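Q: Take a look and give me a structure for this.
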Amino acid sequence: MKKILLIEDDTDLFSLLKYNLEKEGFSLNGLQTGKGAIELCRQVRPDLILLDIMLPDSDGLDICKGIRKTPELAAIPIIFLTARASETDRIVGLELGANDYVVKPFFVRELIARIKLQFRSQSTPPRVLEAGGLELDPTSRQVRFEGAPLALTATEFRLLEFMMSRPGVVFSREQLLNSVWGQDRAITDRAVDVYVLRLRQKVEQDPANPIMIHSVRGFGYTFEPRRAMAGSA
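A: Got it, this is the predicted structure:
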């Protein structure tokens, strides 16, 4: 059963969508305010999010940006539900990471068709990442090194997945914080150093001489198996 998260402040519309979506066979959770929306997403791990833009206490655009910056939520399809109908509003919504933009008032059957279209496009499972003897499976959330399972924390997994999916790209500590921890955080950029050290202790044969996760002096880190970089450690 596909899980849908609905964030919509209009009580009548919320009830109408809940009834029709559950009748269609979906499981629905939701909020009528924006407060706590991202945390609820983390708890529910929905397959799709229906998000109103004009909420009484929040801006749905900001919520969308927060979801896209949270690695474990970033791939979830988002459909905006909004009365903002201008071309500029649509472009802004889609550029911020929404998969679709539905203007109120709308036909419920059309919305359901759009939801099903998003699920059809999800039919291809995320690929297993492999490099330097490491194998990371985003679906099972498992990591193996030369066939042996590794015990990673959720944050270590997110950091490794983010870097492995972008081999050779050099990231600053700030970029890694925003992408892995999100902007709503109470930690400093030095936390990245701590987590990289922990990852090296788990995935490198010789953590003091890493061959996968390299430091770029004065900037940050890159994942590039079996290739040392000048000024790296």
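
Q: Now do stretch 99-112, average pLDDT.
A: When pLDDT is averaged along stretch 99-112, the result is 92.

Q: go on, stretch 220-228?
A: Stretch 220-228 comes out at a mean pLDDT of 78.

Q: what about the closest residue to Asp10 other than its chain neighbours, neighbour count?
A: Excluding the flanking residues, the one nearest Asp10 by C-beta to C-beta, 6 or more residues apart in numbering is Asp52, at 7.5 Å. Using the backbone N, CA and C atoms, a C-beta is placed for each residue, glycine as well. The number of residues packed near Asp52 is 25, by other C-beta atoms under 10 Å.

Q: how close does Asp52 get to Tyr101?
A: 12 Å (C-beta to C-beta, to the nearest Å).

Q: hey, what's in contact with both of the two?
A: Residues touching both Asp52 and Tyr101 (C-beta atoms under 8 Å, 6 or more residues apart in numbering): 80, 82.

Q: Which residues are in contact with the nearest residue to Met1 once chain neighbours are set aside?
A: Using C-beta to C-beta, 6+ apart and skipping the chain neighbours, the partner closest in space to Met1 is Ser27 (5.0 Å). With contacts defined as C-beta under 8 Å, 6+ apart, the neighbours of Ser27 are 1-4.

Q: Keep only those of the residues you listed that are in strands.
A: If you go by DSSP state E, those have 3-4 in strands.

Q: For Ala74, state which of the contacts of Ser27 is nearest.
A: Lys3 (16.7 Å; C-beta to C-beta).

Q: ok, now how distant is that closest one from Glu22?
A: 11 Å.
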